[in-house]
Every structure is written in structure tokens, then in C-alpha cells.
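Q: Take a look and give me a structure for this.
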Amino acid sequence: MAGVNKNQLSSAFASLRGAFASVGVFSFFTNLLMLTGPLFMLQVYDRVLTSGSIPTLIALVVLVVLLYAFMGILEFVRTRIMVRIGVRLDEQLGDKAFSAVQVHAILRTPNVGAQPVRDLDIIRQFVSGPGPLAFFDTPWMPIYLGVIFAMHSWMGYFAISSAILLFIYAILNEVLTSKPSAKANETAMISNAWTEESRRNAEVIGAMGMSEAVGARWRELHNKALKDGTHASDRAGTIGALSKVTRMMLQSGMLGLGAYLAVLQEISPGTMIAGTIIMSRALAPVEQAITHWRGFLGARKSYDRLKKVLEWDAHSEQPMELPKPKGAISVENLLVSIAGVDKPVLRGINFNLQPGEALGVLGPSAAGKSTLARTLVGVLPPTRGDVRLDGAKLEQWNENQIGKYMGYLPQSVELFSASVAENIARFQPDASPDKVVEAAKMANVHEMILRLSDGYETQIGEGGAMLSAGQRQRIGLARALYGDPAFVVLDEPNSNLDAQGEAAVIHAINAMKNKGSSVVIIAHRPSAIAAVDKIVFIKEGAQMAFGPRDEILDKILKSGPKQGKPRQDA
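A: Okay, here's the model as predicted:
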């Protein structure tokens, strides 16, 4: 259901080229106006003090105030532009990053989790901060160096040598900190992932006395991340401190050189002071770049990670909408492989289902039944073969359209931290209360919901923590039935239910069949297939039998443990 799109991140930055160009123009004039202070000082020393002219001083002060005010406006504007660039990046990529989290969760890509959204935040924060402005200011260094050269060639050569020295520090900073910073980011991600897993499994940890062992593992991972982070920070801090001290020494060196030339009467005292200040301004962007270098490395690493995960775009160009499906399902020569697993999880799966029919999927544990369920609803793309809904392959359906016509109850039911009604209505903004209640009644959970503290408006907490496992499963069933879907897949719908809950599942299956929907039930318990018309039996990923319920059940019972080889005609 996802498509490859390798240029989303670079395209987003390319669309902001005009904004970056504006920042460059503002930076040019801002850096020109940075000469206001040194030139004012030069005029005060060399004109006002020598002539004693108060009107000249007043005129200079008024001019300087106006120039500083204009510079302040330019600085304010370019800072706001950078913030807006960060916001614009988030607006363009936020939905895609969030979708990438969902896509890679479905694909079970390791070490992704919620990192795409965090990476986008890191990029946005860096772009909106002071770090990039240092890179915009650095190219204007020749202006300052040219002014210093105009004052005296010796001062110009000294300033160029100073700039080269700081650039060497910047290169050293890149060489010495890039790998430690990358390693620190990697170990921090591993530590954060363990923290999240521990949070999700807090009940199991507490109930089985695993707190100390899990805490020890967290401490081990956290200490490693802390060690790597400290190592990277130490290196960056060392280079940063060295560059700062060196710049101060060079500034004092320029003052000493200016004083020497002033004593020789080759320059005036005002030129000595102005040259020192201008060189300080010329070298400041390089020092700022070194100071923000670790942030730049973090943003660059986030950029690389985000670019990689966005290669699979969940919102690629969608096909045209097709007519509302009736629910006819056909599975043709289906083969499904999963990354990291040597052999196919499913192979040779063939069956069909007409509207109003229900299919039971039977088989031992690890037979591939849940993988089949995920493939049927399109969250796991087939390696070979097709799943067709009303004759059209799932990828031929518009992704935003087909979800309305499908119902899915996964084996592990996850609800959202919201109200019962919002969860059942799939968070549709225009959800009809009547449809919510209808779905709840079909799942035979309406009365149970009314007994909750606030009925349908009850907030169920993170992951539905306020509900029992059985209640979560039945509300998940109501969510699957919401909107009268044409095709419903229920994976172990009665695993957490009592006899009353199982009766509710049977009632829901019959209700959907009466509405003309096709239903697939993954089951272990025989009670779950009481309402099905057909059965497909899977063992070790291969289809062993398919046909009418009673015929296949009889065949399974007769074959018993000898059932082993897949049917060649299936």
C-alpha cells in the first residue's frame, strides 16, 4: 500500500529556496551594518576628538542610532524567517513523518519507532535556532577582511591568518566529533527504545518481579548512552573552548599589532581600535559555527535518517476511487515473506468469499494465520500473488477510500487515549452517533458501555488502560463493525472473552452476514467458527484444505496428526 518516493525531504527544502535566499540577502545587509560600530569609533577617535566638534559628534550619533535601528529590524526579520522556515518544513513533512511511523510499524522495521517525528523536531529546532545564521554570516567574512586590508596590509594578513586558523579548528571539530556524535545518538536511541518497552510492559514487570533486572538492563544501556554522549560533548567542548580562547588571543594580537603600527604612525589610534573590532566580527561566525556544530551534526544525522524512512511514502499518489465494494474476496496464489525470516510465512494460499459469507481460518500456532489477516486488510503487502476485493487488487483501491469499507480486529487490540465513542467511530470528525450506537449494538457491547462512568464519553486512558482486556476486545470489535464495512477480518476475536462475549462475537458475525458483508475469522476455539460457511486450514504457512465448513472439519478430524502435506490443487 506504500510507494517509493526518495525526494520528499530534499523537495521540501528546495521549495524553501526563496526563503533561504531572502535570509541570505538580509544577512548581507546585516553584516554590512555590523561595520557601523567600528567605523563610528574610528570617526570619534580620528575626527571628533581631534577637532572637538560637538555638532559632528551629534550627527554621527544620530546616524549610528538610525543604522543600528535598521540593523535590528533586519536581524529581527531574518530570525523570524528562519523560524517560519522551520514551521513550513514541519507543515510539509509532519504528516509524512507521522505516516512513516505507521508504515514502518506495519513493516516492523527495526530501530524506527517514533524516531521520524523526533528527527523532524530536531531538524526544525536547528533550522529555527541561531546555528544556521552563523553559516549565513560566514560567507561575508571577505567584506570585513577587505575593510581591514584597506586600513593596513599587515592587519589584513594577520586577519586572514586568524580566519584560516579558526577554519582549521572547524575542520578538526568535524573530524573529531562526527563519529562520537553519531555513536552517542545511536546508543541514546537504543536506551530510549528500552525505556519505551519497559513502560509498555510495566504491569508484567511489576507482577513478576522483573523490576530489578529490567532496571539493571536500562541502567547498562543508559550508562553507555551517557558515556558516549559525554565523550562527544567533551570533544566538542574542547574544540569550542580552544577556538574561543584562540579568538580572544588573536583579537588581542590584532590590538597589539595595531598599537605597533600606530606607534610607527602608519595608522591612527582610531584605525587600531576599529580594525580590532572588525576582525572580532569577522571571526565570530566561525566561532559560532563551532559552538553549534554538535547541533548541526545532530540535525544532519536526523536528516539522513528521516530521508531514509520517507523513501516509503504512505501518501504516494493514490489511484482513482472505485465504486463501493460489495465484499467479494479472492486470494490468488498468495505468497508472503517477512524481512529477517528465511522462508515464506505464507505460500500457496487460494480461496474466495462471496458477499454475505463467512470464512474461518484454522491452523496450529505459528501457522501464519495472523500474517494472513494482516495481508487481507492490506497492511502487509504480498510478496507474490494477489488479494482482490470485488475483482480489484488492494493496491488498486484508493487508500483513503478502502479503509471505510474494511473492518479489522487485530489479535492484540490497541485503543487510543480518548473516549469510547471516538475509538468506535475511528476518530472520524463527522461520525454519526447513531452509527456508533449501531456498531456497539452489533457487537453486543452497548449495555456494557452504558454502565461505564460516562457512557460513550468515558475516557479510557492510554491504550484503554481503564478497561479490562475483554472490554477492550469488544470495543475493538465495535470499531471493526463501524460504518457497515463490506469486508471484516477478525483475528482471534474471542481470545479474551467469556461465554457472553463469545455469544456477542457470533451475533456480530451473523449480523454482518445479514447485511451482505464478507467476514474472515481467525480462530483457535471451535466456538468462533460456529457461524462460518467455509473454512481454510493452514499449517506451517501452507494451505492444507479449503471448502464448506462441515466438509473441511470432517476432513481435519479424520486426518488428525497425519495431516501434513499441502494440497497441490489448493
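Q: Contacts for stretch 482-491, please.
A: Residues from elsewhere that reach stretch 482-491 (Cβ atoms under 8 Å, 6 or more residues apart in numbering): 324-327, 329, 355, 369-370, 373, 376-377, 389, 404-411, 424-426, 435-436, 439, 477, 480-481, 505, 509, 512, 515-522. (Glycine included, C-beta is placed from N, CA and C.)
Q: let's see it at 6 Å
A: 325, 327, 370, 373, 376-377, 404-411, 424, 439, 480, 512, 515, 517-522 (Cβ atoms under 6 Å, 6 or more residues apart in numbering).
Q: Now find how far off-centre that stretch is within its chain.
A: 29 Å (Cα atoms, centre = their mean, to the nearest Å).
Q: Contacts only, for the one residue sitting closest to the centre of the chain.
A: The centre of the chain sits closest to P116, judged by Cα atoms, centre = their mean, with a distance of 2.1 Å. Contact analysis of P116 by Cβ under 6 Å, 6+ apart lists A97, A100, V101, L306, V309.
Q: out of these, who has the most neighbours?
A: Greatest neighbour count in the contacts of P116, by other Cβ atoms under 10 Å, goes to A100: 30 neighbours.
Q: can I assume that residue sits in a strand?
A: No - A100: not assigned to a strand; according to DSSP: H, G, I helix; E, B strand; the rest coil it is helix.
Q: How about the contacts made by it?
A: Counted by Cβ under 6 Å, 6+ apart, A100 has contacts P116, V309, L310.
Q: With secondary structure and distance to L334 added, can I get these in CSV?
A: Output for these, formatted as CSV (DSSP: H, G, I helix; E, B strand; the rest coil; distance: Cβ to Cβ, whole Å):
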residue, secondary structure, distance to L334
P116, helix, 30
V309, helix, 27
L310, coil, 29
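Q: Kindly indicate which of those residues lies nearest F136.
A: Set against F136, the nearest of these by Cβ to Cβ is L310 (26.3 Å).
Q: Show me the beta-bridge partners of V331.
A: Beta bridges link V331 to F351, V387 when assigned by DSSP bridges.
Q: Verify the stated contact: it with G348.
A: No - taking contacts as Cβ atoms under 6 Å, V331 lies outside contact range of G348: 10.4 Å.
Q: More neighbours: the two, which one.
A: V331 (24 against 18).
Q: Which two of the contacts of P116 have the greatest separation?
A: V101 and L306 (11.2 Å).
Q: where in the stretch 1-150 of the chain is pLDDT low?
A: 1-7, 104-111, 113 (pLDDT under 70).
Q: ranges for the strands of it?
A: 3-4 (DSSP state E, counting those that start in this stretch).
Q: what do you get for the stretch 251-400 of the chain?
A: 312-313, 329-336, 346-353, 358-362, 384-389, 392-393.
Q: Next up, the contacts around A284.
A: Neighbours of A284 in contact, by Cβ under 6 Å, 6+ apart: none.
Q: what do you get for the one 10 residues further on?
A: For R294, the residues meeting the contact criterion (Cβ under 6 Å, 6+ apart) are S181, A236.
Q: Look up how far T138 lies from F167.
A: 9 Å (Cβ to Cβ, to the nearest Å).
Q: Between those two, which is the more surrounded one?
A: T138 (19 against 16).
Q: now the more buried one, nearest residue through space, not along the chain?
A: P285 (4.3 Å; Cβ to Cβ, 6 or more residues apart in numbering).
Q: What of A486?
A: That would be G327: by Cβ to Cβ, 6+ apart, it lies 3.8 Å from A486.
Q: dump the residue contacts of the one you found.
A: If you count contacts by Cβ under 6 Å, 6+ apart, G327 has them with P355, A486, F487, S517, S518.
Q: Do you know the pLDDT at the fourth one?
A: Note on S517: pLDDT of 89.
Q: Helix or strand, whichever it is, which one in the protein has the lowest mean pLDDT?
A: strand 3-4 (a mean of 44; mean pLDDT, DSSP states H and E).
Q: Sort out which residues of the host helix or strand of I449 are buried, please.
A: Secondary structure assigned from DSSP states H and E places I449 in helix 446-450. Of all the residues in helix 446-450, those buried under the rule 16 or more other Cβ atoms under 10 Å are H446, M448, I449.
Q: cool, and stretch 511-525?
A: Those would be A511, M512, K513, S517, S518, V519, V520, I521, I522, A523, for stretch 511-525 by 16+ other Cβ under 10 Å.
Q: What of stretch 10-18?
A: Buried, per 16+ other Cβ under 10 Å, within stretch 10-18: A12, F13, L16.
Q: Please list the outside residues in contact with it.
A: Contacts for stretch 10-18 (Cβ under 6 Å, 6+ apart): I85, L89, Q92, L93.
Q: mind putting those in TSV, distance to A69 included?
A: Formatted as TSV, these follow (distance: Cβ to Cβ, whole Å):
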residue	distance to A69
I85	25
L89	31
Q92	35
L93	37
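Q: most neighbours, which of those residues?
A: Going by other Cβ under 10 Å, L93 tops the contacts of stretch 10-18 with 24 neighbours.
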